[in-house]
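Q: Pasting the sequence and the predicted coordinates here, then a few questions.
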Amino acid sequence: MKKVILLIVIHFFVIRAVAQDSVMRKNRLTQSIVEQFLVLKSNKEIKQGLYQAIYRRRIALASGNYADNKRVGAWHFYDKYGRLVQNFNYERNSITWEMPDDSLTATHILYSFDNKITDSDRVTKPMKAGGIYYGYIPYLKLFRLSDDYMGTDLSQFTAILEILVSPGGRLADFKVHIKSPVDERITTFSTDLIDEDDRLFVPATKNYKPILCRIFVKCRITDDGELDID
């Protein structure tokens, strides 16, 4: 009992020390998502402590902790309805839980396997730290609608983010498909624009063997010409 009390006291003082040495910062990730996090007072470029990404000011998409600017421990990721979709442990560098496919009611994400799939095959989808919402924000942030489209009715546009994941579990290619009432355009991005950690996936598998897979994420175009979660 004394050991438990001692651990609680130590934990309290650690949290208090972090709070005293840190300040809160906020940053807009997309038109509807804002991240808020603690940084060191002595170096405001170093994240230290609690991090959250908030969707439309009320729903957490991501929650976890930083230490010396690195994600540590267990992080929790949610969809835009506030449902838990993934737990990721950064100490183990592994997904510890992910919502089963048949529990997902969202229709904004589809998978296409280059290998021929039959009804008897056992197939798993690719997975990414951050889940199906927060995990793709680094990709969305790189897009900007062409200026010649601005001023038109953007509600008539459709946008699809296409990501190619190699059997080795790495980003191989990604592009954005834009369809307007008058034309269709494809913008291809260099994979070098994505940070190394955000290029990593758990690859798709067919009968327990890794295979190539394409991910199609349905997005919407904001009034500012950016991509956001549909």
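A: Looks like it came in fine. Numbering: from 1, shown residues only.
Q: CA only for contacts and neighbour counts going forward, please
A: Fine.
Q: for Glu196, phi and psi?
A: phi -50, psi -50 (degrees, to the nearest 10).
Q: what's the residue positioned nearest the centre of the chain in contact with, if anything?
A: Closest to where the C-alpha atoms of the chain average out (C-alpha atoms, centre = their mean) is Gly135, at 1.3 Å. Gly135 makes contacts with Lys128, Ala129, Asp198, as judged by C-alpha atoms under 8 Å, 6 or more residues apart in numbering.
Q: quick check, nearest of these to Ser190?
A: Asp198 (13.4 Å; C-alpha to C-alpha).
Q: how much space between the closest one and Ser120?
A: Asp198 sits 33 Å away from Ser120 when distances are taken as C-alpha to C-alpha, to the nearest Å.
Q: more neighbours, these two?
A: The residue with more neighbours, out of Asp198 and Ser120, is Asp198; 17 against 7, by other C-alpha atoms under 10 Å.
Q: Surely that one forms part of a helix?
A: Yes - according to DSSP: H, G, I helix; E, B strand; the rest coil, Asp198 belongs to a helix.
Q: Tell me who's in contact with it.
A: Neighbour list for Asp198: Gly135, Pro138 [criterion: C-alpha under 8 Å, 6+ apart].
Q: quick one: it from Val165, how far?
A: 12 Å.
Q: cool, and Trp75?
A: Separation of Trp75 from Val165 (C-alpha to C-alpha): 23 Å.
Q: Of those two, which one has the most company?
A: Counting neighbours by other C-alpha under 10 Å for Trp75 and for Val165 shows that Val165 has the greater number, 25 against 21.
Q: May I ask you to confirm that the more buried one is in contact with Pro203?
A: Yes - the pair Val165 / Pro203 is scored as a contact, 6.8 Å apart, by C-alpha atoms under 8 Å.
Q: list residues touching both of the two?
A: Pro126, Leu212, Cys213.
Q: related to what we said a few turns ago, torsion angles phi and psi at the residue nearest to the centre of the chain?
A: Here is the backbone geometry of Gly135 (degrees, to the nearest 10): phi -60, psi -20.
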